[in-house]
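Trainee: Build me a model:
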Amino acid sequence: MFSGFGFGNTGSVPIPQEFEDFFRCYPIAMMNDRIRKDDANFGGKIFLPPSALNRLSMLNIRYPMLFRLTSNESGKVTHGGVLEFIAEEGRVYLPQWMMETLNAQPGSLMKINSTDVPLGQFVKIEPQSTDFLDITDPKAVLENVLRNFSTLTIDDIIEISYNNKTYRIKVLEVKPESAAKSICVIETDLVTDFAPPVGYVEPDYKALKAEQDAKRKSAAIDPVKHSQGSMATRINYSNILNSTDSETIRFAGEGQKISGKPNKTSKGKQDISEIKISLDSEPARLDLPEGQLFFGFPLVLPKDENADEEENDKKVFIGEGQSLRKSKKSKK
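Mentor: Take a look at the predicted model:
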């Protein structure tokens, strides 16, 4: 009966309430060794004290819990989620990349507010090193590592770990656009676009193609050029002979008989000492017919040993046969 005065609760919608508090910020590396999680350094979630959980449970906070972090010294802002409520009272632990983004020093004041950002549909990122190109499937890697993030904010330089190597990635653009310049990446289909990494130089494809074409032309055989001239000319035969040592003559002596008599075969021949051997002059041209090659020795076909064996096999049992019966001539 008091509905006319506004005391009724029927159809009332709870008004969202905001969480706001100040904490001393520290990097995750300074957490207690018993509760520290090293993999949390490569994510976008923070550690808050248990008292923050008690206050949040009494407020009408939307899930997932998202927070806006504002550095009291630099005034820079970023966003993130919460991983656990296990920090010491009055402290908040942040990933190292978040400390660098906010330009915050260990022990400085940090203002933390609960907030709400739209679900992300698109993000454009820029790797900060060309080493990112070594990853075989970067989209699959991002899909896996972004599970450690709750939000992505423009101009944030996040850090991810893959194969024991750290990669820094800058967020260039997010959609849908909002005043917070941030999106939520929890349970959403996110389209990812990659900008060229910092320090990456686009190769000059025209110059590379021209260089490859020049190599092909130099390696290819010009039929017009090679169809003229002899084989000796092509292989520079004269220079090869002139480069050899003409002074060394092997086996230049005369043969001698054991009996001491002069060798008849050497009679009438010129003394070998009088023979002058010189390779300084240009050798005779080796002119060959078109399409014929010169290998320096005549072609001798190998002897087929199997043919000889077959001929020998044919000669086996070539004698005359003998009959056991006596012929009529022998009977007479």
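Trainee: For the stretch 201-332 of the chain, give me the ranges with low pLDDT.
Mentor: For the stretch 201-332 of the chain, applying pLDDT under 70 flags the ranges 218-255, 260, 262-289, 291-301, 305, 307-319, 321, 323, 325-332.
Trainee: rerun at 80
Mentor: Low-confidence segments of the stretch 201-332 of the chain (pLDDT under 80): 202-208, 210, 213-332.
Trainee: how's this structure carved up into domains?
Mentor: If you go by the TED database, the domain ranges for the chain are 20-114, 122-194.
Trainee: can the ones you listed go into a markdown table with extra columns for distance to Glu320 and mean pLDDT?
Mentor: All C-beta atoms are positioned from the backbone trio N, CA, C, and that covers glycine. Below are these laid out as a markdown table (distance: least, C-beta to C-beta, whole Å; pLDDT from 0 to 100):
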| stretch | distance to Glu320 | mean pLDDT |
| --- | --- | --- |
| domain 20-114 | 101 | 91 |
| domain 122-194 | 85 | 92 |
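Trainee: Tell me which of those domains sits nearest to Ala210.
Mentor: If you check each of the domains of the chain against Ala210 by C-beta to C-beta, domain 122-194 wins as the nearest, at 24.7 Å.
Trainee: For the stretch 1-150 of the chain, which segments are assigned as helices?
Mentor: 50-58, 96-101, 138-145 (DSSP state H, counting those that start in this stretch).
Trainee: Could you list every helix and strand in contact with whichever strand in the chain runs longest?
Mentor: Ordering each strand of the chain by length in residues (DSSP state E) puts strand 165-175 first. Contacting strand 165-175 under the criterion 3 or more C-beta pairs under 8 Å, 6 or more residues apart in numbering; DSSP states H and E are the following elements: strand 122-127, strand 151-153, strand 157-162, strand 182-184.
Trainee: Let's see that with 10 Å instead.
Mentor: helix 96-101, strand 122-127, helix 138-145, strand 151-153, strand 157-162, strand 182-184, strand 191-194 (3 or more C-beta pairs under 10 Å, 6 or more residues apart in numbering; DSSP states H and E).
Trainee: Relative to Tyr205, which of these is closest?
Mentor: Here strand 191-194 is closest among the helices and strands packed on strand 165-175 (C-beta to C-beta), at 19.6 Å.
Trainee: In the closest one, which residues are buried?
Mentor: Phe194 (16 or more other C-beta atoms under 10 Å).
Trainee: Okay, now the sheet partners of that strand, with direction.
Mentor: strand 122-127 (parallel) (DSSP bridges).
Trainee: and the partner strand, which residues are buried?
Mentor: For strand 122-127, the neighbour count (16+ other C-beta under 10 Å) marks 123-127 as buried.
Trainee: same question, stretch 75-84
Mentor: By neighbour count on 16+ other C-beta under 10 Å, the buried set for stretch 75-84 is 77-83.
Trainee: Count the neighbours of the closest residue to Lys165 other than its chain neighbours for me.
Mentor: Nearest in space to Lys165, with sequence neighbours left out and distances taken as C-beta to C-beta, 6 or more residues apart in numbering, is Asp131 at 7.3 Å. By other C-beta atoms under 10 Å, 14 other residues sit near Asp131.
Trainee: In this structure Asp131 contacts Tyr167, no?
Mentor: Yes. Assessed by C-beta atoms under 10 Å, Asp131 is found in contact with Tyr167 at 6.9 Å.
Trainee: Need the overlap of contacts for these two.
Mentor: Pro197 (C-beta atoms under 10 Å, 6 or more residues apart in numbering).
Trainee: need the helices of the stretch 1-150 of the chain in TSV with distance to Leu69, can you?
Mentor: TSV is the format used below for the helices of the stretch 1-150 of the chain (distance: least, C-beta to C-beta, whole Å):
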stretch	distance to Leu69
helix 50-58	13
helix 96-101	7
helix 138-145	20
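Trainee: My read is that Phe85 contacts Leu48, right?
Mentor: Yes. Counting by C-beta under 10 Å, Phe85 touches Leu48, with 5.2 Å between them.
Trainee: Compare these two (neighbour count), which wins?
Mentor: It is Leu48, of Phe85 and Leu48, that has more neighbours when counted by other C-beta under 10 Å, with 25 against 14.
Trainee: gap between the more buried one and Arg55?
Mentor: Distance of Leu48 to Arg55, computed by C-beta to C-beta, to the nearest Å: 10 Å.
Trainee: Can you pull the phi/psi pair for Met31?
Mentor: Torsion angles at Met31 (phi, psi; degrees, to the nearest 10) stand at phi -70, psi 160.
Trainee: Count the residues that sit near it.
Mentor: Number of residues near Met31 (other C-beta under 10 Å) recorded here: 19.
Trainee: so who does it touch?
Mentor: So Met31 contacts 37-38, 40, 47, 86-88, 91, 93 (C-beta under 10 Å, 6+ apart).
Trainee: go on, Ile28?
Mentor: 36-43, 45-47, 83, 87, 93-96, 98-99.
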